[in-house]
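Enquirer: give the three-dimensional model of this entry:
(chains A and B)
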Amino acid sequence: MKALLFACCVVFLSAVLANADLRPPIKPANQNAAQPTPEPKYILHTGLEISTDPKAYEARLQISQSQLQSFRAALEGAPGNPPVVGGIAVSAPRTIIAGLLMFLAISIGGILLARSVSFGRTRKATAAIIIVAVVLGAAAIITRGNAGPPGSYRWRNLPQALAKGEPTTGGVDIEVVPDDQLQGRMRLIIPLKKQNAPGEE
Amino acid sequence: MQSAVELRSWPTARSVPSARVFVAIVVLCLIASAAFASLLPLQLSIVTVFLFAGPHNWFELRYFLMRLPVRFGRSRNFFLTAFVGLGVLTLVYVLLPLVYNTTTLSEEAWSTVIATWNTALIVWLGALIWLRSKQKPRANWRWLIPLGLALCSLNWLGPNFFSLAIVYVHPLIALWFLDRHLRRTRPAWSRAYRRSLCLLPLILVGMIWQLSQTSMLADNNGLFWRITQHSGAEVLPQVSSHLLVSVHLFLEMLHYAVWIVALPLIGSRARFWDVKTVPVARHPKGFPRLVGGVLVTALIAVAALWFGFSIDYATTRDVYFTVAIAHVLAEAPFLLRMI
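Expert: All right, here's what the predicted structure looks like:
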């Protein structure tokens, strides 16, 4: 019974860790409005470098040809370059087959481990629980979460880098929003938290 | 007993430089390959495939013929499974592009087709391992069952990633062949070789560190596009294609170096063009004409490949990498025979 409770705790904790970095659900900007604001259409995730150029007279946005082709393909509904996570387990039959095979792999692996290793029963149970938790956690991270530090981590030093004239590189999600939200402009949203000055509450 | 017979049939080693010289050459090759692959990925990829793709297949074929016993004996089932699987899997793989061009399969259906082929490959490998394990009762290979099932599962989650993994893992198999070969013919070098291989992951990490932030390679013509696609630029759009092509080229260069330079030179005093040095041709009950015919035909194929590359490099490259799956698959049974 204790082992079962311990197993449940480990699995739940691993699920929390796996989901920790999930993007929160996007809420409509104006919930009271009669017409809800359409959600931005996600196109792709790519890299972005923000750099300064003291000789430039105008801000410039440079896009590579392959990325432009990806934008076009996504807008036309054609299969462009899917994100890595998006390419995994998007099909129900494939996910079912993968799940069954993984179930068999873990089951047989566990039996072989239990039969081969000569340590005590408690250790065996602990090892099996940890293995199950790790596998479930890894599967959850692969399929649902985005492994690694949050995207905002790479942008944390942007103000200092801009002040020094140094480039900063990080990930960026390309979204297409309705015209009335941007009024002919482009908007770059950087996930930067407000940093209090020393002594400021 | 059979291994002992195989060892005796292998030509004896000649006196060659010490292990230190060998390790120095290995380290130099690793560093030089990584440097060139990082600096000129597209250009070197074209030149490397043009020059060495065909010859490395010829040397590989010859090496496999050297490992082939005159009579299969109790390995009959193993070799039967190996050759039937090799033929069927290669045929289906070669037919896949034709199916893709002639039918209108959805992306999902196509992923299922690829996942099915990959599963068949894993099942075939599993059958070979099982048959081989019956000849090695002391070896405990049961843990490969859950591993194979886990690989199948991952394959069904992302068939394209699994196929890409084969592209990157295959060049490393040559290093495994060299390790087994050294263990048999030059045990003194084996330890030093394994130590020098510790440099490989470090170099790979260094390449990833240096090239992960580089801009994408220009794939604005058909040939460059093919090279970046072959390295996985479409499957991993977030990763710099410069990094992908460089890493793949680096591994390919090592692969070619092992098959064309290392294995023919190490441990064999025999002249590689002499058919009589192949045990299955030299044996009184062997097949010298068949072996000679196979090697000459393969030599003609190498010349034809060079001719094709000269006329239409891009198309020949496509055809080569489709047909070359045969040599990727053929490595499995012969490697298993050496374990």
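Enquirer: does chain A sit close to the biggest helix by length in chain B?
Expert: The residue-count maximum for a helix in chain B (DSSP state H) belongs to helix B:107-135. Yes - contact of helix B:107-135 with chain A (C-beta under 8 Å from any C-beta of the partner chain) involves B:107-108, B:111-112, B:115. Every C-beta, even on glycine, is put in place using the N, C-alpha and C of the backbone.
Enquirer: what does the helix or strand that comes right after that helix contact?
Expert: Next along the chain after helix B:107-135, taking DSSP states H and E as the criterion, comes helix B:144-157. With C-beta atoms under 8 Å, 6 or more residues apart in numbering or on different chains as the test, helix B:144-157 has contacts from A:88-89, A:94-95, A:97-102, A:104-106, A:108-109, A:112, A:142-143, B:115, B:118-119, B:122, B:125-126, B:129, B:161-162.
Enquirer: for stretch B:321-328, same thing?
Expert: Outside stretch B:321-328, the residues touching it (C-beta under 8 Å, 6+ apart) are B:53, B:57, B:60-61, B:86, B:89-90, B:93-94, B:97, B:166, B:170, B:230.
Enquirer: list buried residues within the residues you listed.
Expert: Buried by 16 or more other C-beta atoms under 10 Å in any protein chain shown: B:53, B:57, B:60-61, B:86, B:89-90, B:93, B:170, B:230, out of the contacts of stretch B:321-328.
Enquirer: number of nearby residues for whatever residue of the stretch 201-339 of chain B ends up closest to chain A?
Expert: Going by C-beta to the nearest C-beta, chain A is nearest to residue B:237 of the stretch 201-339 of chain B, at 3.6 Å. Neighbourhood size, residue B:237 [other C-beta atoms under 10 Å in any protein chain shown]: 21.
Enquirer: what of residue B:30?
Expert: 20.
Enquirer: quick one: it and residue B:202 touch, right?
Expert: No - under the criterion of C-beta atoms under 8 Å, residue B:30 makes no contact with residue B:202, lying 9.4 Å away.
Enquirer: got the residues of chain B near chain A?
Expert: Near chain A, when you scan chain B using C-beta under 8 Å from any C-beta, you find B:107-108, B:111-112, B:115, B:142-143, B:145-150, B:152-161, B:213, B:215-216, B:218-220, B:234-238.
Enquirer: show me which positions of stretch B:161-181 end up buried.
Expert: Using 16+ other C-beta under 10 Å as the test for burial, stretch B:161-181 gives B:161-165, B:167, B:170-171, B:174-175, B:177-179, B:181.
Enquirer: quick revisit: and which of the buried ones among the contacts of stretch B:321-328 is nearest chain A?
Expert: residue B:230 (15.5 Å).
Enquirer: from residue B:171, how far out is the closest one?
Expert: Distance of residue B:230 to residue B:171, computed by C-beta to C-beta, to the nearest Å: 13 Å.
Enquirer: now residue B:153
Expert: 25 Å.
Enquirer: could you pull up the mean pLDDT of stretch B:287-304?
Expert: The average pLDDT within stretch B:287-304 is 86.
Enquirer: can you show me the CA trace of it as CSV?
Expert: Extracted in CSV, the C-alpha atoms of stretch B:287-304 (Å, rounded to 0.1, in the frame of the first residue of the first chain):
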residue,chain,number,x,y,z
PHE,B,287,33.3,-20.0,-55.8
PRO,B,288,36.3,-18.1,-57.3
ARG,B,289,34.5,-17.2,-60.5
LEU,B,290,31.4,-16.0,-58.7
VAL,B,291,33.4,-13.9,-56.3
GLY,B,292,35.5,-12.5,-59.1
GLY,B,293,32.4,-11.7,-61.1
VAL,B,294,30.7,-10.0,-58.2
LEU,B,295,33.7,-7.8,-57.5
VAL,B,296,34.2,-6.9,-61.2
THR,B,297,30.5,-6.1,-61.5
ALA,B,298,30.8,-3.9,-58.4
LEU,B,299,33.8,-2.2,-59.9
ILE,B,300,31.8,-1.4,-63.1
ALA,B,301,29.0,-0.1,-60.9
VAL,B,302,31.5,2.3,-59.2
ALA,B,303,32.7,3.5,-62.6
ALA,B,304,29.1,4.0,-63.7
